[in-house]
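>>> the sequence and its predicted three-dimensional model are supplied below.
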There are 2 protein chains.
Amino acid sequence: MEMTPIGMIHTPFTDPAGMPIQSAGAAGVSGTVEVFEEYQAGLKDLDGFSHIVLLYVFHRSDGFKLQVIPFMDTEPRGLFATRAPKRPNPIGLSIVQLDRVEGGTLHVQNVDMLDGTPLLDIKPYVPEFDSQAHIRTGWLEHARKAVGGRQSDDRFR
Amino acid sequence: MEMTPIGMIHTPFTDPAGMPIQSAGAAGVSGTVEVFEEYQAGLKDLDGFSHIVLLYVFHRSDGFKLQVIPFMDTEPRGLFATRAPKRPNPIGLSIVQLDRVEGGTLHVQNVDMLDGTPLLDIKPYVPEFDSQAHIRTGWLEHARKAVGGRQSDDRFR
């Protein structure tokens, strides 16, 4: 299956170490999403949405391991029970706040990806589809509330 | 960018028409996710999570249009302001309920994809990362609360 970037994400982060862990830890960090010209007609109506889902490539991740020690833990966990970037298909998923659309440029907040990240898709964030109640989160149960204060180190560089 | 299926999703749906629109309209519909043997070690710890994010290929969608009339509307909308399946990179995203893990098989509920859908990735659903408050949803604002009662037709076949 062949995927083609439809744009590029620009953020303040140029090094995989020292980044926020997930957009929840990136509150207020501004970035832009540049959508290539041939896809810009698809942005119509997007400005009505306050939040969007970005799918992108973890372009600095090479290969994968099926068990990893996540940033918020000290024990090896199954890869698919983590959001670690080294995955068989290295697709990243972040929900960001959409402040405004200017031509092919989306001004967004809460960016947690590297500068120059290739964009694969944009979807509108819709609570009825994307938000769930009555949740259990396994090994993350205790760690996740602290995510705002944590930063990545270089383990996935 | 080359993507490789890591498994296959099994659901009751064999025809793109007459399906639930999004997992919100598929409450209680059961399916299974079969993870191929070489990736099964990555499933460790996943059973602690009540909900998971599935990324998959819209394998029956050919090509794309940058403006579409969505199932829940009568006007053409920008593709990226919709969840329509014909996209430049035809990646689908659904959040499903994880009931149990048996070897390489995940028993899930709220499936809204076609039987035989190729799986690209599994991520744990974590409210701090994935759930947003204070939301605007543009053209979907009035339609989205009715999504549970709607089914697809054949417009994206």
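Okay, I see it. Numbers count the residues shown, from 1 in each chain, chains lettered A, B, ... in the order given.
>>> how close does A:Asp112 get to chain B?
According to CB to the nearest CB, to the nearest Å, A:Asp112 stands 9 Å off from chain B. C-beta coordinates here come from the backbone N, C-alpha and C atoms, glycine included.
>>> helix/strand/coil for that residue?
coil (DSSP: H, G, I helix; E, B strand; the rest coil).
>>> next, count neighbours for it.
25 (other CB atoms under 10 Å in any protein chain shown).
>>> that one contacts A:Pro20, doesn't it?
Yes. A:Asp112 lies in contact with A:Pro20 (CB atoms under 8 Å); the separation is 4.8 Å.
>>> any idea which helix or strand in chain A has the lowest mean pLDDT?
Of all helical and strand segments in chain A, the minimum by mean pLDDT, DSSP states H and E falls on helix A:127-130, at a mean of 80.
>>> what about chain A, any weak spots by pLDDT?
Within chain A, the segments meeting pLDDT under 70 span A:23-24, A:144-150, A:157.
>>> and the least confident helix or strand of chain A with chain B, contact?
Yes. On the criterion CB under 8 Å from any CB of the partner chain, helix A:127-130 is in touch with chain B at A:Pro127, A:Glu128, A:Phe129, A:Asp130.
>>> dump that helix to CSV, restricted to CA.
Listed next in CSV are the C-alpha coordinates belonging to helix A:127-130 (Å, rounded to 0.1, in the frame of the first residue of the first chain):
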residue,chain,number,x,y,z
PRO,A,127,-17.2,13.9,19.8
GLU,A,128,-19.9,11.4,18.8
PHE,A,129,-17.3,9.5,16.8
ASP,A,130,-14.1,10.1,18.7
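>>> spatially central, which residue of chain A would that be?
Chain A has A:Ser94 as the residue nearest its centroid, 3.0 Å off, counting by CA atoms, centre = their mean.
>>> that older thread, overlap in contacts of A:Asp112 and A:Pro20?
Common neighbours of A:Asp112 and A:Pro20, counting by CB atoms under 8 Å, 6 or more residues apart in numbering or on different chains, are A:Ala26, A:Val29.
>>> which residues touch A:Glu34?
A:Glu34 makes contacts with A:Gly7, A:Met8, A:Ile9, A:His10, A:Gly104, A:Thr105, as judged by CB under 8 Å, 6+ apart.
>>> among those residues, which one sits closest to chain B?
Ranked by distance to chain B (CB to the nearest CB), those are led by A:Gly7 at 9.9 Å.
>>> for the strand ranked longest in chain A, which positions count as buried?
The single longest strand within chain A, with elements called by DSSP state E, is strand A:91-102. Buried residues in strand A:91-102, defined by neighbour count with 16 or more other CB atoms under 10 Å in any protein chain shown: A:Ile91, A:Gly92, A:Leu93, A:Ser94, A:Ile95, A:Val96, A:Gln97, A:Leu98, A:Val101.
>>> so what's the last one closest to, chain neighbours aside?
Sequence neighbours aside, A:Asp47 is the residue nearest to A:Val101 in space, at 4.5 Å (criterion: CB to CB, 6 or more residues apart in numbering or on different chains).
>>> what is the burial count for that neighbour?
A:Asp47 has 17 nearby residues by other CB under 10 Å.
>>> and A:Val108, by the same measure?
With other CB under 10 Å as criterion, A:Val108 counts 25.
>>> which is the next helix or strand following the strand or helix carrying it?
For A:Val108, the element it lies in under DSSP states H and E is strand A:105-109. Using DSSP H and E, the helix or strand that follows strand A:105-109 towards the C-terminus is strand A:117-124.
>>> is chain B contacted by that following strand?
Yes. On the criterion CB under 8 Å from any CB, strand A:117-124 is in touch with chain B at A:Pro118, A:Leu120, A:Asp121, A:Ile122, A:Lys123, A:Pro124.
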